[in-house]
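> everything below, folded, please.
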Amino acid sequence: MEPILLIVTTWAWIVPAAAGAGAATYVGLTTRGRRARRLELDAARHEESQAYRELVAAKARVRTAQADVMTAKARAASPQAAEARRELQIARQSEKSASLALRASRSRVKAGYSQYRAASSHDPLPIERLWAEHDAVNTRWLSYETDVDKALSYPKMTDTRHPATVVFLRAQREALAKRPTLRDRVTPQQYVEYRAAVRALQASLAEAERTAGVPGATPPSAAQTAAATTAATIGAAAAMIADLADRLPTLIARPPTRETPRS
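As a prediction, this is how the structure comes out:
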């Protein structure tokens, strides 16, 4: 239970600090006004810029693959030509995906701009909304630690040997590492990374609740499932290595067995 206690104790002092001084410190000492309110819009523009660069790179890969196809045809090399055509097909599919990603990012920019224009000075800041989502996930998980009925009904939620719980604890640690401090001047890149960590945390908790048999647990979306599956593979491997490391001293100290000679 040590990893759970570590997360609980680490999070316990962050929540009161964020609740007591979050908005005033963040606005008063770092961003002050308009920049804080347009952080989500700036993050959408940052993602649009990244998507545009990816599309440019994808187009360059298509041109390179087309040149390779022409070269293979000129040399009349059948195996090389087939491989070049396969690479061209992959490059074109990557270009199509990059183009769709750019269109989606531009839609998010428009939505972010509309939300920014419609927001008032009384609305929570984007980083405050993200903090609230993060804290809500932690509060939901802590209920399985503090509520006796829940702890007895769903023991897998706090069992560090359960793969889905291991994934959640790792996502929790990652989100905590990405969480800006109260005095940080949050950049769009940091906001994007923290938001992605919070989304992965939400998905991992939903998956942990589903595998633990919690009623009403909603399965994560397709994108969240992909992220959670990758994390689950890494988490399960890490759990096996940790278990082996715990047992290694006992295995080393165990005296070797000697076979008795047959008469």
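> all helices of the stretch 1-150 of the chain, in order?
For the stretch 1-150 of the chain, the helices defined by DSSP state H, counting those that start in this stretch cover 2-25, 34-37, 39-74, 78-118, 126-146, 148-153.
> how about a markdown table for those helices, with mean neighbour count and mean pLDDT added?
Where you see a C-beta, it was placed from the backbone N, CA and C, and this is true even at glycine. Converted to a markdown table, the helices of the stretch 1-150 of the chain look like this (neighbours: other C-beta atoms under 10 Å; pLDDT from 0 to 100):
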| stretch | mean neighbour count | mean pLDDT |
| --- | --- | --- |
| helix 2-25 | 14 | 46 |
| helix 34-37 | 15 | 86 |
| helix 39-74 | 17 | 92 |
| helix 78-118 | 15 | 91 |
| helix 126-146 | 18 | 94 |
| helix 148-153 | 11 | 92 |
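> mind putting these into a markdown table with distance to residue 166?
Shown next, in a markdown table, are those (distance: least, C-beta to C-beta, whole Å):
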| stretch | distance to residue 166 |
| --- | --- |
| helix 2-25 | 9 |
| helix 34-37 | 36 |
| helix 39-74 | 30 |
| helix 78-118 | 31 |
| helix 126-146 | 13 |
| helix 148-153 | 18 |
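> closest one to residue 170 among these?
helix 2-25 (9.1 Å; C-beta to C-beta).
> specify the local secondary structure of residue 214.
Following DSSP: H, G, I helix; E, B strand; the rest coil, the label given to residue 214 is coil.
> what sits against the residue nearest to it when sequence neighbours are not counted?
Distance criterion C-beta to C-beta, 6 or more residues apart in numbering; nearest residue to residue 214, sequence neighbours excluded, is residue 154 at 5.7 Å. With contact taken as C-beta atoms under 8 Å, 6 or more residues apart in numbering, residue 154 is in contact with 144, 209, 212, 213, 214.
> give me the pLDDT for residue 154.
Here the pLDDT value assigned to residue 154 is 92.
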